[in-house]
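Engineer: Return atomic coordinates for the entry below.
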Amino acid sequence: MTPRSQHSQHQQNVPLFSRIMYPSHDAQTRPPSPSTPDESPPDDDAVPPFGVTVDSVCESLKISRVLHDKLLQSYFANMTAFTLFKPRVERKLYHMHHQSEADALAAAMFSFAARHVRDTGEPSDCPSPAYFAQIAALNLHESLDRYGDLRPPFWLLQASILITFYHLTRSVRSKSWRTLGDCIRLAYDLNLHIVDANHDPNGKGDRSKETDINRWSAMEERRRAWWAIWEMDVFASTIRQLPTAIDPGLNLTLLPVPDSCWFSGTYQDSCFLVEDCSLRWKTLAQSGNKSSKAWFIVMNSLMKNTQRIVYPSGSAMKSVSGKQLKTDQDELDIMANSLYCTVTAIPQELLYQGDTLDFRLEPESGGTTRQQHADKYSLHVMTQLCRFMIYHHKICAHAPWLPRSRGSSDTPAQTTSEWSNYMNASDEICTVVRNSARDHYKYVNPFLANTLWFAAAAQCACRVFGPPTYNKRLTGSRLDLLKLTIDQYIHFWNGMDNLKNKLARIEARLKNMMDPTPPTGSTRGKQQAPRPNHPPETPTVGPSSGDGGSEPMFSLHPTASGQTPTVPPSLPADITTNEYFYLDSSLVPDAYDFTQSFGMPGQQDMFGTADPMSLSPFGLEELLMASMAQGF
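Structural biologist: Numbering: from 1, shown residues only. Got it, this is the predicted structure:
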């Protein structure tokens, strides 16, 4: 044995020894190999060995064969958010052992397609999306229970993805959050996080996959399922301001390749989503992968990294030092540089450059025009959301209701420039919406309605306390455009209805935060203890009336001129001010909703305050994110 072969054998034995010495609960001690592909696709005239056919699915779902075909066609024509299947999905039925597995997958697909079939304006016997979603969930649970501790087949995970997608389009409340968690655990159980664990990122592609294109294609189907789950995880965790369930440090699955390569069986190399945000665009560009979905994932990951900086978990409950603020600003500058490089590296054919997006369906092209327009729309909107979060942080730091630190070096020109960058992101979203088909909301991922909400909130902020150079009438018209589009999302997808309510109240919240004078005739003041003529040294908590009984209340009064106020613990020690306002929750509707997970009404929580919002040095950030969280 040569020294090279001895070294190779040693390298193989080290991880093997580690696996042997680990307390696995599996029946056998074995390495966690990636999910293996299903058996080769059968011939069109092959007889299913287990009796699962399209007719048996129609019988179980209580639909006709004509409606089945119409729903299946509608799914592939209109599902642009995720490409989970090749068009000949019926071939999966051949390998299914139980009818419930086929029913779960078909019903999950139809929970999406039914919305479009019923929207034609013609009489239809098509059941509602909720009907199919319920059948899919029941059959999925039955099928998973049947497998017990055995790993279930991959198509059940695909059904789980579509069921989760259905629930997340309605809200990101508890049920959909738990459903997403089950879906992620199932994906881990099938080892979808290590589909390409043996891929050499420094090589020029694994040429062995070119000789086994069927296996590569089957692995690509698993990659797409994994990244669809990743995308839902990022979306839900962003809205709820919670950590993602997927560990970014253990993600050994390549980014998806273009649909054309997968459908035609043409091998295309790809890359991993590296942890260093400044290297993601480089690795993807070097791989030669021009998939719009791959670039969208990179952009989405930048947005998530920015969100962790701007809206860190628990930021409302901990003090922020001047050093930490400086560190966060450095990180934001890195994100801004990474964003610029990423946008520059995106292939030109994937960029939105002011063209009209009509989302038309061209049968001769297999519907690629609609998919291409949806991809451009999604990538552009996600880019603007990332920009919005970067500059939103700077706008919040200069909010007029916040105290100013001594010796601030910010000039009016700097402030105007920050507002320009901030509003440009929102304006770009308005532009792509205005240049898209009137019914484009039907053909894009409904998650993007939340991005439009952020853009609308920015227009509200500009109208309330933006620079006087901004045309407030133009701002108002853009706000109307975004409101109307959000309403269309809500009406068609039958979910996220609280987005409309929260947006209607965001401007009133901002105006109240600008005006320290409590509204006259407030019923809350009748049960409040008389306010002293001098300002309190610390926020005072008192009872108030409301549907939920007593709730925390903070007085909102300026300190007397010439007095040195008590600086809140959340502000850096070097910040002093001649005027500080204590937040009155009566002026911020539903402010207490954000604190429900921390303490009971009227009681102090483990952090020593009943309102975590009052501890934030930024205020508006928590206001916007709290509004989003309450809306689901």
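Engineer: what ranges do the helices span in the stretch 301-450 of the chain?
Structural biologist: Secondary structure of the stretch 301-450 of the chain (DSSP state H, counting those that start in this stretch): helices located at 322-345, 368-397, 412-434, 449-465.
Engineer: Pretty sure Asp196 sits against Asn251.
Structural biologist: No - if you go by C-beta atoms under 8 Å, Asp196 and Asn251 don't touch, sitting 9.9 Å apart. Every C-beta, even on glycine, is put in place using the N, C-alpha and C of the backbone.
Engineer: roughly how far apart are the residue nearest to Ala285 when sequence neighbours are not counted and Lys282?
Structural biologist: Among residues not flanking Ala285 along the chain, Ala345 sits closest, at 4.8 Å (C-beta to C-beta, 6 or more residues apart in numbering). Ala345 sits 8 Å away from Lys282, going by C-beta to C-beta, to the nearest Å.
Engineer: now Cys460
Structural biologist: Using C-beta to C-beta, Cys460 is found at 38 Å from Lys282.
Engineer: the more surrounded of those two?
Structural biologist: Cys460 (25 against 15; other C-beta atoms under 10 Å).
Engineer: isn't the more buried one right next to Ala508, touching?
Structural biologist: No - using C-beta under 8 Å, Cys460 is not in contact with Ala508, being 9.4 Å away.
Engineer: Okay, now the unreliable bits of this protein?
Structural biologist: 1-22, 24-50, 201-211, 313-327, 363-367, 397-399, 401-415, 516-632 (pLDDT under 70).
Engineer: So what are the structural domains in it, by residue number?
Structural biologist: Per the TED database, the structural domains of the chain span 32-40+49-202+209-234, 352-402+411-514+616-631.
Engineer: Could you export those as JSON lines, including distance to Ser278?
Structural biologist: Listed next are those as JSON lines, based on distance: least, C-beta to C-beta, whole Å:
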{"stretch": "domain 32-40+49-202+209-234", "distance to Ser278": "16"}
{"stretch": "domain 352-402+411-514+616-631", "distance to Ser278": "14"}
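Engineer: Nearest to Gln268, out of the ones you listed?
Structural biologist: Taking C-beta to C-beta, domain 32-40+49-202+209-234 is the member of the domains of the chain nearest to Gln268, at 9.0 Å.
Engineer: Next, format the helices of the stretch 301-450 of the chain as CSV and append distance to Ala218.
Structural biologist: Formatted as CSV, these follow (distance: least, C-beta to C-beta, whole Å):
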stretch, distance to Ala218
helix 322-345, 30
helix 368-397, 22
helix 412-434, 36
helix 449-465, 33
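Engineer: Which residue, other than its chain neighbours, is closest to Phe110?
Structural biologist: Leaving aside its sequence neighbours, Phe110 sits nearest to Phe132 (C-beta to C-beta, 6+ apart; 4.3 Å).
Engineer: can you pull the contacts of that neighbour?
Structural biologist: 61, 107-108, 110-111, 114 (C-beta atoms under 8 Å, 6 or more residues apart in numbering).
Engineer: how about stretch 219-234 as CSV, C-alpha atoms only?
Structural biologist: Extracted in CSV, the C-alpha atoms of stretch 219-234 (Å, rounded to 0.1, in the frame of the first residue of the first chain):
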residue,chain,number,x,y,z
MET,A,219,-31.0,14.9,-6.9
GLU,A,220,-32.0,18.2,-8.4
GLU,A,221,-35.6,17.5,-7.5
ARG,A,222,-34.5,17.1,-3.9
ARG,A,223,-32.5,20.3,-4.0
ARG,A,224,-35.5,22.2,-5.1
ALA,A,225,-37.6,20.8,-2.3
TRP,A,226,-34.9,21.7,0.2
TRP,A,227,-34.6,25.3,-1.0
ALA,A,228,-38.4,25.7,-1.1
ILE,A,229,-38.4,24.8,2.6
TRP,A,230,-35.5,27.1,3.2
GLU,A,231,-37.4,30.0,1.6
MET,A,232,-40.4,29.4,3.7
ASP,A,233,-38.3,29.2,6.8
VAL,A,234,-36.6,32.5,6.1
